[in-house]
Structures are given as C-alpha cells and as structure tokens.
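> For reference, the sequence and a predicted model appear below.
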Amino acid sequence: MKSLPSHRTTALQALLVTFLWSTSYVLVKIGLREIPALTFAGIRYGLAFLVLLILATRGGHIRSLRGIRRHIWFRLITLGLLFYTLTQGGNFLALNYLPAVSVNLLFSLTSIFVAMMGIPVLGERPTVLQWVGIWIALLGAVVYFYPVSFPAGQIIGITAAVVGLLANSASSILGREINRQRDLEPIQVTLVSMGVGAFVLLTIGIQFQGLPQLTLTNWAIITWLAVVNTAFAFTLWNRTLRTLSAMESSIINNTMLIQIPVLAVLFLGERINLKEIIGLVIAGLGAVIVQLARRDDGKGSGIGD
C-alpha cells in the first residue's frame, strides 16, 4: 500500500514536466516578438547547457566522459546537430510563422516518422497496430489542415517544421541507439549533444539574425526556459522513467497534445475551430497507438526538451 502514493506522486511529477514543456510553446511565442528565432534558441539551450554542466560536474559525470571512444563522440555530436540545431532550430522558426497549435500537431507526428524510419535504419517493421496508428495520425493531420492552403509567410514555417520533424525523428532513433548501449548516463548524452547543438545554433543565429538588445523580460523568459523547462524538467523526467511503465510515460507525454492548444487559446489568443479539434484528437489518438505498440521500452531517448 505504501508504494501507491509514491507511484501517484511520480505520475504527477511526470505530468508537471509535460506541463512545463507545454508552456515552452507559449513562452517561445512571446519571446519571438522581440528575439530572432535561431538566436533565441541558441541562447536558451546554451544557458541550459551551462546549468547541466554544473549539475553533471557535481554529480561526477564529467570525468567518465574522457574515456569515451571516438565513434561514440561522433554519434553524440551528430545527435546534437540533429536534436538541437535542426530540431529545435526548426521548432523556433516554425513558431515564428505558424500558430503554436499547428506546430504542436506537426511535431506530434514524430512517433509516426520514427516507426517508418525504423524500417531501413533499424530493420524494425511496424506492427499491424502501429500501421493502423500511422494511418489514423496522418488522417488527423489531413483533417486539421484541410483544405491545404497556406499563406506565403506560413510556407517558411511549414518548411521549418518539416525539417525539424524529420530531424527529430532521426535524433529519436539515434538517441535510442546510444542509450541501448548503456555506455553513458542520460545526463551525459544530453550534456554533450546539447552543448554541440547549442553552439552551432547560436553561431548561425548571431551570424544571420544578429544579437538583439535583450530586455529584462527577455532574459526572464530565456532563463526560465533554460533552467526550469529544460534542465529541471529533464532531470525530473528521467527520474520518473525509473518508476513509470512505458505505457504510463507515453500516455502522460501525449497529454501535451491537449495542454498546448488549451494554453495557446488562453494565453496567445489563438483560435481553434471544430474541424481542427477533431483533427487534433484523431492525430493524437494515432500517435498514442504508434507509441504504445512499440516493441522496445517506449520511453524515448531521454535527451530532454
């Protein structure tokens, strides 16, 4: 009986993490009003890297990095470029041109693309149930965006989101492969990949978009995103994975499909019609089916938001 409150507390902690990650969409949209997208993303993850570096140093995780083999370093660098430079860069750019709800829907299709990429890359064929989930999710996306007609400005956002989606899917597969080897702790994987990805992202951002004069409000948003929504949320999420089952983690993680639209309506003034709500529900159902039908542990790569 004593284990039940502990398990319930862990589930609530995981739900808190998904809420923090959902608020990121709102905070990023607000910050993008004054901060260029790529520079914004680079500063956020650069600061988050420094926070994780302090935590990793105190936890004694830095010394063991010196013995990493060269091919693992190559994978970590590749992971950083995929998950932070391309995925998060694409995410921030997409949010600069598209409603948060639309970006949320597109990135929710990650599990579908992971399942499809797993065929040639990992030799994993989706199960019958996963194929059902894939088609349901794609149907939901079609319903949401129908009729397919985007203003000129939104095409840039759609392109950025698609690039981010593909990079996110590839990074998920690579992250799973790295964590399967169990050579490194999740914080080590995140630390190295985030450091590399943030450096490249910030360099590109400053080079092409410049470094604006940041206000106290801008710094408050960036600091909260880096310290709370990234470093703290990452640490807490990976702790919950020790207790929650793969099914529980997947279900809790997918509550973001509901949380983000609600937050976008309340705080960003975005509007969602009945057709879009139906599309979101259908796509979300498909994504959940694909994730729950996975053959592995289904808990993801553990590389954080």
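Done, it's in.

> Near the nearest residue to V103 once chain neighbours are set aside, how many other residues are there?
If you skip the residues right next to it in sequence, V103 has A94 as its closest partner in space, 4.7 Å away by Cβ to Cβ, 6 or more residues apart in numbering. (C-beta placed from N, C-alpha, C; glycine too.) The local packing count at A94 equals 28, with neighbours defined by other Cβ atoms under 10 Å.

> Would you quantify the distance from A94 to L191?
From A94 across to L191, the span is 26 Å (Cβ to Cβ, to the nearest Å).

> Which helix or which strand is home to the residue nearest to V103?
Of the helices and strands defined by DSSP states H and E, A94 is found in helix 89-97.

> cool, F49 as well?
When secondary structure is defined using DSSP H and E, the element that contains F49 is helix 37-58.

> quick one: average pLDDT of stretch 277-293?
The predicted model gives stretch 277-293 an average pLDDT of 89.

> Just the C-alpha atoms of it, please, in PDB.
This file holds the C-alpha atoms of stretch 277-293, laid out as PDB (Å, rounded to 0.1, in the frame of the first residue of the first chain):
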ATOM      1  CA  ILE A 277     -10.200  20.000 -32.800                       C
ATOM      2  CA  ILE A 278     -11.300  16.800 -34.500                       C
ATOM      3  CA  GLY A 279      -8.100  16.600 -36.400                       C
ATOM      4  CA  LEU A 280      -6.000  17.100 -33.300                       C
ATOM      5  CA  VAL A 281      -7.900  14.300 -31.500                       C
ATOM      6  CA  ILE A 282      -7.600  11.900 -34.400                       C
ATOM      7  CA  ALA A 283      -3.900  12.600 -34.800                       C
ATOM      8  CA  GLY A 284      -3.300  12.400 -31.100                       C
ATOM      9  CA  LEU A 285      -5.000   9.000 -31.000                       C
ATOM     10  CA  GLY A 286      -2.900   7.700 -33.800                       C
ATOM     11  CA  ALA A 287       0.300   8.900 -32.200                       C
ATOM     12  CA  VAL A 288      -0.600   7.200 -28.900                       C
ATOM     13  CA  ILE A 289      -1.400   3.900 -30.700                       C
ATOM     14  CA  VAL A 290       2.000   4.000 -32.500                       C
ATOM     15  CA  GLN A 291       3.900   4.700 -29.300                       C
ATOM     16  CA  LEU A 292       2.100   2.100 -27.200                       C
ATOM     17  CA  ALA A 293       2.600  -0.500 -29.900                       C
END
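
> Name the residues of it that are buried.
Within stretch 277-293, the residues that count as buried by 16 or more other Cβ atoms under 10 Å are 279-280, 282-293.

> Quick check: the farthest pair among those residues?
Among the buried residues of stretch 277-293, the pair separated by the greatest distance (Cβ to Cβ) is G279 and A293, at 21.5 Å.

> what packs against the helix holding F49?
Other elements packing on helix 37-58 under the criterion 3 or more Cβ pairs under 8 Å, 6 or more residues apart in numbering; DSSP states H and E are helix 89-97, helix 186-209, helix 216-223.

> what is the orientation angle of that helix with helix 186-209?
Following axes from the mean of the first three to the mean of the last three Cα atoms, to 10 degrees, one obtains 150 degrees for the angle between helix 37-58 and helix 186-209.

> Of the helices and strands packed on helix 37-58, flag the one that's most buried.
Mean neighbours per residue, mean count of other Cβ atoms under 10 Å, is largest over the helices and strands packed on helix 37-58 for helix 89-97, with a mean of 25.
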